[in-house]
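J.: Here is a sequence with its predicted model. Questions after.
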Amino acid sequence: MTNPLRVLIVEDSEDDAALILRELRRGGYDLSAERVDTSEEMEAALQNPEWDVVITDFNLPRFSALAALDLIKKHQLDLPFIIVSGIIGEDIAVAAMKAGAHDYLKKDNLARLVPAIERELRECAERRARRHAELALREREEKYRKLFNNIYDAIFLNALTEDGRMGPFLEVNDVACERLGYSREELLRLHPQDIIQEDTERKINNITKAIIKHGHLTFEMTLTGKSGDVYPVEVSAHVFPLGDSHVVLSIARDIRERKRAEEIIWHQAYHDALTGLPNRLLFRDRLEQALAYARRHEKVLAVMFLDLDRFKTINDTLGHSVGDQLLQGVARRLTHCVREEDTVARMGGDEFTLLLPEVEQVDDVARIAQKLIDALKPPFYIEGYELYSSTSIGIAFYPNDGEEPETILKNADTAMYRAKDHGRNNYQLYAAEMSSLSFERLALGNMLRKALDHEELLVHYQPQLDLRTGRIFGMEALVRWQHPDLGLISPLQFISLAEETGLISPLGEWVMRTACAQTKAWQAAGLAPLRVAVNLSARQFKHVGLIDTVAQVLDDTGLEPQYLELELTESIVAENAEATIATLRDLKAMGIKLSIDDFGTGYSSLSYLKRFPLDLLKIDQSFVHHMTSDSDDAAIVTAVINMAHSLKLKVIAEGVQTEEQLSLLRRQDCDQVQGNLFSKPIAAEEFGQLLLQQATNERWQHLLRTGSTFT
Ligand SMILES: Nc1nc2c(ncn2[C@@H]2O[C@H](COP(=O)(O)O[C@H]3[C@@H](O)[C@H](n4cnc5c(=O)[nH]c(N)nc54)O[C@@H]3COP(=O)(O)O)[C@@H](O)[C@H]2O)c(=O)[nH]1
């Protein structure tokens, strides 16, 4: 097997050249060779660059090995270059090797020629392969660099620190430098947090954690350039290993255009095209946000509903163009009357709304309403007309007039119609009593609303005793408010407020439910069945869902109706309306006991009582307190007891505090008693203990039997 070898021999002696070729053939090469001995001939030979090896004499008459080497370099050829010379000094040979020759041999020792050529061919092939690889790598690098720098997006490469934090920039592309206005060197000296607008270390750490967790992450952020310009970007970040550590590659796409387009679309969707004011959708959104804030921070907010008076006449008689300009003028004046944090919106047509997200005083809102009315007083000059406009304003408050956006808006709208009815060009509050309700009461109302949700309310129980048997036959359920800061608040302080704010219905239902569930629990624990008396306020009584609520509570708690007594105020029965009687009959038909509380203080008269399906009269404690010292009060107590008995009603005396009161009541044939003489209202647990002890409570037994204590 012979190997082809193309040899360029630089030699003036034909014989020496032949010797060399013979040696090579002997070494197994299939030769194609050319001999040159001048620079010109070599230059011509090198036009064909297919040589495998150059074998050269050192000194030729008109040429030399070093000159041949220069030509090889000039042509940028990497060829094994072997000097075969007669006499060559060591120093010359070293100089030739330094100049680029690969080996040198003596002509009289050609045995080394073939191994030298084989070695040099191998090394040359390796050199060429390496060069190719390096070239290919450089080309690839160049290609990627071009890509890296010419891509439309900014690219950042960051090191990840060992504890998983974003390290400094390792690499940035030209686009990143251009966009941010930094040179590459400047940017490489910065840390990501220097160019992120929303920078907080925590935020960057959180993003980094998410990138590490998922391997990649796409998110939006805003970058800040050297000049302070900001631009929003959508970043697509990937983490990957590089060398011994990990790096994050972030591609940040400029989304300024998209954001601008989004803003325009958003503005169009949420603003009224004619006036530029927020439209119904945006108003609703802001109202929801303001409500959430008010709920969280126990604040009061106000909504105004404005309708221009007689706008239609202007529109119909002077045309839409004038009408439109008037609406624009009105919008401008309204906007000037309020603060930046308030929202003026156009709901459509000639209707505007106003949101005052944080109200300090009811009076403040009234003042703003008057300011709006006054702002519209000066004439508008439109297309040569002098036009006068006015508005009717309805005002509703959170939480008093509703907790949901629809309710508040609806109530503000209702109040606006009331303003129209009052002759236009004025404002009206939805709840008339609001105008007299102090801000402190409003705030307390708000706290009470939360108290219901936060389980700050409690029910205490005060025993009611049968004067004949001496036993506890029932108890009155009395609500308490355990405020986290203010301590135990008396119902005297919050029941009327609950009535004014409409909270009495949910509060009353809660008390009824709790009391019925507790009574049932005592029954289930094996105690003798007791009747629980629950107070029903006038407003609660008028609530349309009362019957359903009571039925539902009994159903849910499992308490039989005869164990529930509802204590009604005199004001309820005094109304004597057909609806009242119907409700009482429905309750009675369910099997519930009905009593009149605080009897004697109000308007009750015998004729009313006859018409109502009642079971019990509760003599007001003011008479009981004074019956031993005031003969009039004693006479009233006697009259009430006699009258009740003649109507087949039982009588309970409340507020019994002394033994004298007790013995007088006994003498007057009172049926039942309740008061601090026996027990103050107490918590359910304590009341449970009291029930267990009643058989052994000799003091009570004695008291009830004899009307006096032990001596
Ligand atoms: N609609 C609802 N009204 C309720 C509810 N819970 C209570 N109330 C009404 O609040 C008023 C004040 O009640 P409270 O402070 O609980 O006072 C009751 C008793 O503690 C008190 N009492 C009873 N015995 C004595 C006594 O011997 N001396 C004395 N000084 N006070 C005594 O009387 C109140 C009982 O009131 P009444 O209902 O009239 O029997 C009060 O008007 C409650 O009705 C509720 O859940 N809903």
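T.: Good, I have the coordinates.

J.: OK, contacts around Gly27?
T.: Applying C-beta atoms under 8 Å, 6 or more residues apart in numbering, we find Gly27 in contact with 113-114, 117-118. C-beta coordinates here come from the backbone N, C-alpha and C atoms, glycine included.

J.: cutoff 10 Å now
T.: Gly27 makes contact with 2-3, 5, 110-111, 113-115, 117-118 under the criterion C-beta atoms under 10 Å, 6 or more residues apart in numbering.

J.: Over to Gly545?
T.: 505, 509, 552.

J.: In the protein, where is pLDDT below threshold?
T.: Applying pLDDT under 70 to the chain flags residues 1, 199-200, 432-443, 501, 575-577, 602-607, 695-701, 705-711.

J.: rewinding a little: among the contacts of Gly27, which lie within helices?
T.: Filtering those for membership in helices, criterion DSSP state H, returns 113-115, 117-118.

J.: out of the residues you listed, which is most surrounded?
T.: When neighbours are counted by other C-beta atoms under 10 Å, Ile117 leads those with 24 neighbours.

J.: So Asp108, which state does it fall into?
T.: Secondary structure, DSSP: H, G, I helix; E, B strand; the rest coil: Asp108 is coil.

J.: That one and Tyr381: what is the separation?
T.: Taking C-beta to C-beta, to the nearest Å as the measure, Asp108 and Tyr381 are separated by 122 Å.

J.: Next: Ile572.
T.: Relative to Tyr381, Ile572 is positioned 59 Å away (criterion: C-beta to C-beta).

J.: who has more neighbours, those two?
T.: Applying other C-beta under 10 Å to Ile572 and Tyr381 shows that Ile572 carries more neighbours, namely 24 against 11.

J.: Now that that one has come up, it's in contact with Ser595, right?
T.: No - with contact defined as C-beta atoms under 10 Å, Ile572 and Ser595 do not form a contacting pair (11.4 Å).

J.: re earlier: can I get the contacts of Gly545 in TSV including secondary structure and distance to Ile581?
T.: Formatted as TSV, the contacts of Gly545 follow (DSSP: H, G, I helix; E, B strand; the rest coil; distance: C-beta to C-beta, whole Å):
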residue	secondary structure	distance to Ile581
Ser505	helix	21
Glu509	helix	23
Gln552	helix	23
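
J.: Using a markdown table, lay out these together with distance to Ala498 and neighbour count.
T.: Supplementary listing: these in a markdown table, determined by distance: C-beta to C-beta, whole Å; neighbours: other C-beta atoms under 10 Å:
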| residue | distance to Ala498 | neighbour count |
| --- | --- | --- |
| Ser505 | 9 | 19 |
| Glu509 | 12 | 19 |
| Gln552 | 20 | 14 |
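
J.: Dump those to TSV, plus distance to Thr658.
T.: Output for the contacts of Gly545, formatted as TSV (distance: C-beta to C-beta, whole Å):
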residue	distance to Thr658
Ser505	38
Glu509	36
Gln552	42
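
J.: Span of stretch 652-667 from start to end?
T.: Between the opening and closing residues of stretch 652-667 lies a distance of 14 Å (C-alpha to C-alpha, to the nearest Å).

J.: list the buried ones in it?
T.: Buried positions in stretch 652-667, judged by neighbour count with 16 or more other C-beta atoms under 10 Å: 652-656, 661-662, 664-666.

J.: which non-adjacent residue is nearest Arg26?
T.: With C-beta to C-beta, 6 or more residues apart in numbering as the criterion, Arg26 has its nearest non-adjacent residue at 7.5 Å, and that residue is Val114.

J.: my guess is that neighbour meets Leu21, correct?
T.: No - taking C-beta under 10 Å as the definition, Val114 is not a contact partner of Leu21, at 11.8 Å.

J.: hey, what's in contact with both of those two?
T.: Between them, Val114 and Leu21 share the contacting residues Tyr29, judged by C-beta under 10 Å, 6+ apart.
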